[in-house]
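Chemist: Predicted model, plus sequence, below.
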Amino acid sequence: MNVIDAMKKRRAIRQFDGRLVEEDKIRTLLETAILAPNDRMRQPWHFYIIQGAGKVNFTQLAEEYLQERFPTKPNLVQESLKVLNNTPLLIVITADQIANDADASEDNVFASCCAAHSIWLAAEELGLGCVWRTRGIALVRDARLNELLHCPPEQKVIGTLCLGYPAEQPPIPARTSYTEKVTWV
């Protein structure tokens, strides 16, 4: 599969069939991620692989967070947890933050986002589904996630990738033509 085909085929997969992702495929995802472009070859990313007992702890944190955030929406909480319980692999990605250098820190976030997207494209080629979560069950903005991961303060969480073997194939969504999003100068 070439990159353009992978881009066209890629979808946000939120339903997985429950099979575990093999370690060799996880290693391939990570080997692909570190090929992402990055400013000055800082390679500012770190990847936290969450499975098994770690996923149980992550899910407990997610439930606490969701119940606090949405106390009047128990169905939302339960549906979110159902998706999480059916996800065999989580990869939390962080970006190094550089003291007294906001521009370099922002560049590092951009690079780590490229690494996340590289994982998503590699997952497509490997027959895995993926969705990149930045809100809700991703716990990106919740300090408890940093505690669970023992994530140092100079690492900023940029997202949680949920991966597994797809149990769904969402339809191709309509997209706005690039012609409406481009200005030629």
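Modeler: Yes, it's here. Values in this document were obtained by computation on a predicted structure and should not be read as measured data.
Chemist: can we go C-alpha only for contacts and neighbour counts from here?
Modeler: Noted.
Chemist: Would you map the strands across this protein?
Modeler: Taking DSSP state E, the strands of the chain run over residues 45-50, 89-96, 129-133, 155-164.
Chemist: So which of those strands is nearest residue 182?
Modeler: strand 129-133 (25.3 Å; Cα to Cα).
Chemist: Does the closest one pack against any helices or strands, and if so which?
Modeler: Contacts defined by 3 or more Cα pairs under 8 Å, 6 or more residues apart in numbering; DSSP states H and E place strand 129-133 against helix 102-125, strand 155-164.
Chemist: which one of those has the most crowded surroundings?
Modeler: Highest mean neighbour count among these (mean count of other Cα atoms under 10 Å): strand 155-164, with a mean of 24.
Chemist: mean confidence for that one?
Modeler: Strand 155-164 shows a mean pLDDT of 97.
Chemist: Tell me what angle that strand forms with strand 89-96.
Modeler: Counting by axes from the mean of the first three to the mean of the last three Cα atoms, to 10 degrees, strand 155-164 lies at 160 degrees to strand 89-96.
Chemist: In the worst-scoring helix or strand of the chain on mean pLDDT, which residues are buried?
Modeler: Ranked by mean pLDDT, DSSP states H and E, the weakest helix or strand in the chain is helix 3-9, scoring a mean of 85. The neighbour-count check on helix 3-9 (16 or more other Cα atoms under 10 Å) flags residue 6 as buried.
Chemist: Who are the packing partners of it?
Modeler: Counting by 3+ Cα pairs under 8 Å, 6+ apart, helix 3-9 packs on helix 102-125.
Chemist: gap between the helix it packs on and the chain center?
Modeler: Centroid separation between helix 102-125 and its chain, computed with Cα atoms, centre = their mean, to the nearest Å, is 10 Å.
Chemist: same deal with stretch 44-54?
Modeler: The chain centroid and the centroid of stretch 44-54 are separated by 11 Å under Cα atoms, centre = their mean.
Chemist: C-alpha coordinates for that stretch, PDB please?
Modeler: Output of stretch 44-54 as PDB, limited to C-alpha atoms (Å, rounded to 0.1, in the frame of the first residue of the first chain):
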ATOM      1  CA  PRO A  44      11.000  15.200  21.100                       C
ATOM      2  CA  TRP A  45       8.500  12.400  21.500                       C
ATOM      3  CA  HIS A  46       7.900   9.700  24.100                       C
ATOM      4  CA  PHE A  47       5.500   6.800  23.800                       C
ATOM      5  CA  TYR A  48       3.700   5.100  26.600                       C
ATOM      6  CA  ILE A  49       2.300   1.700  25.700                       C
ATOM      7  CA  ILE A  50      -0.700   0.800  27.800                       C
ATOM      8  CA  GLN A  51      -2.100  -2.800  27.800                       C
ATOM      9  CA  GLY A  52      -3.100  -5.400  30.400                       C
ATOM     10  CA  ALA A  53      -2.900  -4.100  34.000                       C
ATOM     11  CA  GLY A  54      -1.900  -0.600  32.900                       C
END
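Chemist: hmm, who's touching it?
Modeler: With contact meaning Cα atoms under 8 Å, 6 or more residues apart in numbering, stretch 44-54 is reached by 38, 58, 88-96, 108-109, 111-112, 115, 149.
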